[in-house]
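Novice: Quick one, fold the following:
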Amino acid sequence: MSNVYYGEYLQLDKVLGAQRPESDLINKEAHDEMLFIIIHQAYELWFKQILHEAGSVMTIMNKPKINDNSPELQLVAHRLYRVVEILKLLVQQIDIIETMTPLDFLDFRDLLRPASGFQSMQFKILEAKLGLKSKDRFGKEYYVSQLKPHDRQQILDLDGEETLIDLINNWLTRMPFANQDKLWGESDQEGVHPFWAQYREVYVSSLSDAEMNNMETFDLLFFEDVEDPDRKLSMAARRSALFIMLYRGFPLLHLPYRILGHLLEIDEQMATWRYRHMNMVHRMIGKRVGTGGSTGKNYLKNAMDSHYIFTELAELTSFLTERSKLPRLPDEMSAHLGFGA
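Specialist: Predicted coordinates for the structure are as follows:
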């Protein structure tokens, strides 16, 4: 029988002994510094859990083949959902730190320089592993300038590693349903897949006169298989993702649709956190610079606007049409997507 003891198992002596206010070192009264420390330590613990979940998802998605009707895909969906829920909690934690007034913060703010949440390695690693490259970051030169040399190099090295959006692209690209699946029959004389020839007609008929410019983008995304260094999803991946959104009612597409939805929710929650953080900073310090030297609110606003990772999935909603007009799937494919029903 195990002799595990609660406090020892959780190493509470280390956890609860890890709050060391700078104000205590100089015997200065700064009551809210304890809150400030605990909030940020809690953030870092949750970042660790998110990285744990994202790492397990990437391990599964990195397999050469994933059965769409398997426990593995269920695990991917479940763990991404958990990440979403953790991110929601991180947004809510801002309510707690906002119980600290600007004057409460000024009691100890100058003691923090040049430390800053901008130096959070785990948050930077998370963004990189999800798929945010250095070249796409706002203020990319400043982004790593506040880090110690070893940490700076670690972040830069992540640019060469495979990311979650890369693995999602590979997974979607392998899906046969809306690409070259034999059940659709032969392509037309111009080599256009039967489904996409039909769907293009349906989509065109759904557009208003003011929306006809959408067709140029539609053809670019779904008919021109040209490499674009600024895009993270291949043409085949975009086709598969749109197909999943259109026919998500079929049982076999339930989990893929949930996965795409969770990825979009991750982007949304991270943007929400940045928005709340930006407004909190503005409330606390106004137009003053951050303790790490950033421009405060202005930097956070630009980062919020430019640090979306799964935007190429979000833009696919522009190319949906009503279900009653969707092309009818081949009978054998309908049966397959219904788990053989």
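Novice: what residues are up against K232?
Specialist: K232 makes contact with G131, I165, D166, N169, E312 under the criterion C-beta atoms under 8 Å, 6 or more residues apart in numbering. Heads up, the C-betas are built off the backbone N, CA and C, glycines and all.
Novice: If we use 6 Å, what do you get?
Specialist: In this structure, K232 makes contact with I165, E312, judged by C-beta atoms under 6 Å, 6 or more residues apart in numbering.
Novice: Could you point out the helix or strand that follows the helix or strand of the chain with the lowest mean pLDDT?
Specialist: For the chain, scoring each helix and strand by mean pLDDT, DSSP states H and E identifies helix 140-143 as the least confident one, at a mean of 67. Stepping forward along the backbone from helix 140-143, the first helix or strand reached (DSSP states H and E) is helix 149-157.
Novice: so who does L132 touch?
Specialist: With contact taken as C-beta under 6 Å, 6+ apart, L132 is in contact with H307, I309.
Novice: cool, and L90?
Specialist: Listed by C-beta under 6 Å, 6+ apart, the contact partners of L90 are W46, W273.
Novice: so where does it fall, helix or strand?
Specialist: Using DSSP H and E, L90 falls in helix 71-97.
Novice: and the next helix or strand after that helix, how far from the chain's centre?
Specialist: The helix or strand immediately downstream of helix 71-97 is helix 102-106, counting by DSSP H and E. Put simply, helix 102-106 sits 33 Å off its chain's centre (C-alpha atoms, centre = their mean, to the nearest Å).
Novice: Show me what the next helix or strand after helix 102-106 is packed against.
Specialist: Using DSSP H and E, the helix or strand that directly follows helix 102-106 along the chain is helix 121-130. Helix 121-130 sits against helix 33-61, with contacts defined as 3 or more C-beta pairs under 6 Å, 6 or more residues apart in numbering; DSSP states H and E.
Novice: Just the angle for the helix holding L90 relative to helix 33-61, thanks.
Specialist: With axes from the mean of the first three to the mean of the last three C-alpha atoms, to 10 degrees as the basis, helix 71-97 and helix 33-61 are set at 170 degrees to each other.
Novice: looking only at pLDDT, what's the mean for helix 71-97?
Specialist: This predicted structure assigns helix 71-97 an average pLDDT of 96.
Novice: before we move on, what about stretch 305-322?
Specialist: Averaging pLDDT along stretch 305-322 gives 92.
Novice: Can you measure across it, start residue to end residue?
Specialist: Using C-alpha to C-alpha, to the nearest Å, one end of stretch 305-322 lies 30 Å from the other.
Novice: buried stuff in that stretch?
Specialist: Applying a neighbour-count criterion of 16 or more other C-beta atoms under 10 Å, one finds H307, Y308, I309, F310, E312, L313, L316, F319 buried in stretch 305-322.
Novice: Can you name the next helix or strand after the helix or strand hosting N170?
Specialist: N170 belongs to helix 164-174 when assigned by DSSP H and E. Sequence-wise, the next helix or strand beyond helix 164-174 is helix 194-206, with elements assigned using DSSP H and E.
Novice: And that following helix, what does it pack against?
Specialist: When contacts are defined as 3+ C-beta pairs under 6 Å, 6+ apart, helix 194-206 packs onto no helix or strand at all.
Novice: got the angle between the helix or strand harbouring Y299 and helix 121-130?
Specialist: Secondary structure assignment for Y299, by DSSP H and E: helix 297-306. Angle of helix 297-306 versus helix 121-130, following the same axes, to 10 degrees, is 30 degrees.
Novice: need the contact list for G338.
Specialist: Remark: with contacts taken as C-beta under 6 Å, 6+ apart, G338 is in contact with F250, P251.
Novice: From V192, how far out is it?
Specialist: 27 Å (C-beta to C-beta, to the nearest Å).
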